[in-house]
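What follows is a protein structure lacking sequence information:
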């Protein structure tokens, strides 16, 4: 079956149909979303990027005061304040997560939103790495990924890899040149994590010919990059940098003196290699088109990359203009985040439908409270008298919305929390299987019950899938015993779960 341009544009390259929003009718309209997306005011972090940065600054001050006051506290009181502090961070993250859903569901720039999700997954970091990452990661997507994902790939790599979120996540802040002044003073050494992932994940790709020596030398070149813990911005500390010259993938960096320019030069050179453009272009096509993307499409993308100095808009254009990119619908499975976003868009969800549910009811004691999903009791074995104290309202947790933040975690893709630097699996079989499908059906029933209203399931199917709806799905939805079940069947249909 050959689908119309607008249907494929909305389902394969966008975030799905939303009543009242007109899907793109041409490649030019799709590409225009990139500029529109750059100009669009983000609703996350909660309140916008400036608000997210301000919360980092405020929390740094709060933590400094807490540490100072802690010198005069007993162990029990310190634990109480620690609980309050962590719960506050978790609540701020919860607000950012809900705002992230609003951004994807309400934005008319679906292609731009899909690219943002792709690149955040490519340059994966996790809010679980340490306490402050709950504040830094939402800012990371807003300031290091989105503004650069339509420009040169080399610039995107530099902003992503050298952002505090990545430097913390891959332990670059713990990497010292062994013979640098700070390395000698602290008896600290090299950490290879960022150097390895820069080559294996972010640029060249696994199996591209680099060696363990390249990994180690890249880590040496990266020494000096760290994070200012007062501002949570990246900085270069020359007294942490390993002196001397190092060769990475055939090119030398450094000399008698080393500087941040050596890092920028290394990233530029890695981004310009044939191995990188092949790896990245294939990964983009794998995400949008098929687990085995057409070689001719990937070739067109790499050619555009080479001719345009790694300009990503030129790469996207080559993909969108190739006829094979519009063939064979249903080759990719929607990841959980994409599935939920497209379902909420189809149901015309508004801001209030996606907000957190407010604070959990006050429980009897602090021992009942949980931090980040784990009971606090194991940590209280030496402070049992807390168990008899009423719970301070400041330690109450925000309840996640079961249609958004709670649901995406249950379906296997918790926001900003991948299990590894490789990000979430983008393969078809990872998401279209028995267990994941059962969870999606449960979500479809809940969403239909909460947001379905009196919609006619047959009209809903036409609005949300258009000519992608197969006759057997139309028949099943039409025969549903009631409207709510019909809507749930449409949301759970194979066509709605695929691209």
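Okay, I see it. Bear in mind that the values here come from a model prediction, so they are computed numbers and not experimental data.

Buried residues of stretch 92-105, list them for me.
By neighbour count on 16 or more other CB atoms under 10 Å, the buried set for stretch 92-105 is 92-105. Where C-beta positions appear, they are placed from N, C-alpha and C, glycine not excepted.

Then stretch 36-46?
Neighbour-count burial for stretch 36-46 [16+ other CB under 10 Å]: 37, 40, 42, 43, 44, 45, 46.

go on, stretch 10-25?
Counting neighbours by 16+ other CB under 10 Å, one finds that the buried residues in stretch 10-25 are 10, 11, 12, 13, 14, 15, 16, 17, 18, 21, 23, 24.

measure stretch 101-112 end to end?
One end of stretch 101-112 to the other measures 14 Å (CA to CA, to the nearest Å).

how far does that stretch sit from the chain's center?
Put simply, stretch 101-112 sits 14 Å off its chain's centre (CA atoms, centre = their mean, to the nearest Å).

any idea of the mean pLDDT in it?
The pLDDT scores in stretch 101-112 average 98.

Other residues contacting it?
9-10, 13-16, 18, 21, 23-24, 30-31, 33-34, 36-37, 40, 42-44, 113, 117, 337, 340-341, 344-345, 349-351, 354, 401, 404-405 (CB atoms under 8 Å, 6 or more residues apart in numbering).

Count the residues that sit near the nearest residue to residue 498 once chain neighbours are set aside.
With CB to CB, 6 or more residues apart in numbering as the criterion, residue 498 has its nearest non-adjacent residue at 4.1 Å, and that residue is residue 330. Neighbour count of residue 330, defined by other CB atoms under 10 Å: 18.

so residue 330, which of the three states?
coil (DSSP: H, G, I helix; E, B strand; the rest coil).

contacting residues around it?
So residue 330 contacts 494, 495, 498, 499 (CB under 8 Å, 6+ apart).

one more time with 10 Å
For residue 330, the contact set (CB atoms under 10 Å, 6 or more residues apart in numbering) comprises 1, 3, 11-12, 290, 428, 468, 470, 494-495, 497-499.

Please list the members of these that lie in strands.
Among the contacts of residue 330, the subset assigned to strands under DSSP state E is empty.

top of the residues you listed by neighbour count?
For those, neighbours tallied by other CB under 10 Å; top is residue 11, 27 neighbours.

Hmm, residue 331 and that one touching each other?
No: counting by CB atoms under 10 Å, residue 11 sits too far from residue 331 to count as a contact (11.4 Å).

Let me know the helix or strand that residue 21 is in.
Here residue 21, judged by DSSP states H and E, is contained in no helix and no strand.

thinking it is in contact with residue 345, fair?
Yes: with contacts counted by CB under 10 Å, residue 21 reaches residue 345, the gap being 8.1 Å.

Need the overlap of contacts for those two.
With contacts taken as CB under 10 Å, 6+ apart, residue 21 and residue 345 have 10, 14, 15, 106, 107, 110 as neighbours in common.

just to revisit the earlier point, would you turn the buried residues of stretch 10-25 into a markdown table with distance to residue 413?
Shown next, in a markdown table, are the buried residues of stretch 10-25 (distance: CB to CB, whole Å):
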| residue | distance to residue 413 |
| --- | --- |
| 10 | 21 |
| 11 | 19 |
| 12 | 19 |
| 13 | 20 |
| 14 | 18 |
| 15 | 15 |
| 16 | 17 |
| 17 | 22 |
| 18 | 21 |
| 21 | 24 |
| 23 | 25 |
| 24 | 26 |
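
Just the closest of the residues you listed to residue 79, please.
Proximity of those to residue 79 (CB to CB) peaks at residue 15, which lies at 43.5 Å.

Give me the neighbour count for the nearest residue to residue 397 once chain neighbours are set aside.
With sequence-adjacent residues excluded and distances taken as CB to CB, 6+ apart, residue 397 is closest to residue 360, at 5.2 Å. By the criterion of other CB under 10 Å, residue 360 has 13 neighbours.
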